[in-house]
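Q: Next one to model:
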Amino acid sequence: MLTRKLVKAGPSSHTIALPKEWIEKNKLKKGDVVYVSDVSDGELRIACTLGDEKAKVDREITIDASGKSPDSVQRLLTSAYLNNYSTVILAGDDLDKRAPDIRRMVGDFVAFEITDQSSKRIVVKDLLNPTEVSVEKTLRRMDMIVRSMFDDLLSKPKKELHFQDKDVNRLYFLMLRALKSALRSEDVAKQLLLTPVHVLTVWQTATQIENLADSLTRLAVLMKSSKSREIEDVLKVVGELFADVMSSYYQGEHEKADLLAKKRLDVEARLTSLQGNSKELGESCQEMRSMATNVCTIAKIVVDKE
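A: Down below sits the predicted model:
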């Protein structure tokens, strides 16, 4: 580790000298831009630009949709999106009839657009450079949508959460796409200010948040036929626990996260008691258990962060 002294450079700013070896290794010169990210309390990360190298490599894939079910086509589109194909061509004999379903599928992905269509060919273009994605902002957006889902599920009258869940899914796919790009390319990782360890941490956290959104959506359906106040009380506890855990994630509060992780046992005890008193609430209690586990997993991720 190298040390540098802060030098006052004006009324409200300071400078430090960057290591010469790092400057030469990354072929930087006067006037080049570097990116500074506030990673956590007491830690900054500095990354350089890509220079003349392209961050995005044009890649094309053709998907034969003939005879394939909508679910299969959806999975293949998802794979193409996550693997950063810039052009996806769907080929088949009856695409004019299937076009509405395919348009709906394409709409599930941020920056995927249909640019050409015929009875046997649909061309989908990726309009987003992976280095333009803010991983932190995307994660925070997923977080805020899930918090609003908790609020909506506790409101009266009860609201369906399908559209919020769809928004979380779109952001989740966008997140995975950016993270996979960072793992494939050191240059992309520099632009996104990501290290492999950071990629793993964000990936794990985003997955737990996406799972939470799924459980909340299913629970919304179950609660339509249930009038149990006890379920709402436990749901409120889990929602507050999620908000506290995410706060500890952003602030890097390891000890706080460790204490929050232990609260899952209290939630489990309440659900066991509730389920014993009312067997018809079994499915709702199971979804709540899954949610508590997701939140606890995020807390453990915070504890393990360096």
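
Q: Distance check, S118 against K305.
A: 50 Å (CB to CB, to the nearest Å). Using the backbone N, CA and C atoms, a C-beta is placed for each residue, glycine as well.

Q: Settle it for me: which of these two has more neighbours?
A: K305 (17 against 10; other CB atoms under 10 Å).

Q: Domain boundaries for this protein, per the record?
A: Annotated domains of the chain cover 7-48, 60-126, 131-304 [automatic domain parsing].

Q: Can you get me the start-to-end distance on the last one?
A: Same thing as domain 131-304. 27 Å (CA to CA, to the nearest Å).

Q: Now that domain: average pLDDT?
A: Average pLDDT, domain 131-304: 91.

Q: Give me whichever of the domains of the chain is most buried.
A: domain 131-304 (a mean of 18; mean count of other CB atoms under 10 Å).

Q: Tell me where this protein has helices.
A: For the chain, the helices defined by DSSP state H cover 20-25, 70-82, 95-106, 135-154, 162-184, 186-191, 196-224, 229-251, 254-261, 264-277, 282-304.

Q: Out of those, which gets nearest to D126?
A: Among the helices of the chain, the nearest to D126 by CB to CB is helix 70-82 (7.6 Å).

Q: and that closest one, what does it pack onto?
A: The contact analysis (3 or more CB pairs under 8 Å, 6 or more residues apart in numbering; DSSP states H and E) places helix 70-82 against strand 60-64, strand 87-91, helix 95-106, helix 162-184.

Q: out of these, which comes closest to A269?
A: Using CB to CB, the nearest of the helices and strands packed on helix 70-82 to A269 is helix 162-184, at 28.5 Å.

Q: and that closest one, what does it pack onto?
A: helix 70-82, helix 135-154, helix 186-191, helix 196-224.

Q: what's the angle between that helix and helix 196-224?
A: Relative orientation of helix 162-184 and helix 196-224, computed by axes from the mean of the first three to the mean of the last three CA atoms, to 10 degrees: 170 degrees.

Q: how far out from the middle of the chain is stretch 174-184?
A: Here the centre of mass of C-alpha atoms in stretch 174-184, compared against the chain's by CA atoms, centre = their mean, to the nearest Å, lies 10 Å away.

Q: what's the answer for stretch 198-211, then?
A: With CA atoms, centre = their mean as the basis, the mean position of stretch 198-211 lies at 6 Å from the chain mean.

Q: Now distance to L259 too, for the helices and strands packed on helix 70-82, in JSON lines please.
A: JSON lines is the format used below for the helices and strands packed on helix 70-82 (distance: least, CB to CB, whole Å):
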{"stretch": "strand 60-64", "distance to L259": "47"}
{"stretch": "strand 87-91", "distance to L259": "46"}
{"stretch": "helix 95-106", "distance to L259": "43"}
{"stretch": "helix 162-184", "distance to L259": "27"}
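
Q: To L194, which of those lies closest?
A: Going by CB to CB, the one of those nearest L194 is helix 162-184, 4.6 Å.

Q: quick one: contacts of that closest one?
A: For helix 162-184, the surrounding residues in contact (CB atoms under 8 Å, 6 or more residues apart in numbering) are 78, 81-84, 108-111, 130-131, 133, 135, 138-139, 141-142, 145-146, 148-149, 152, 188-189, 192, 194, 196, 199, 202-203, 206-207, 209-210, 213-214, 216-217.
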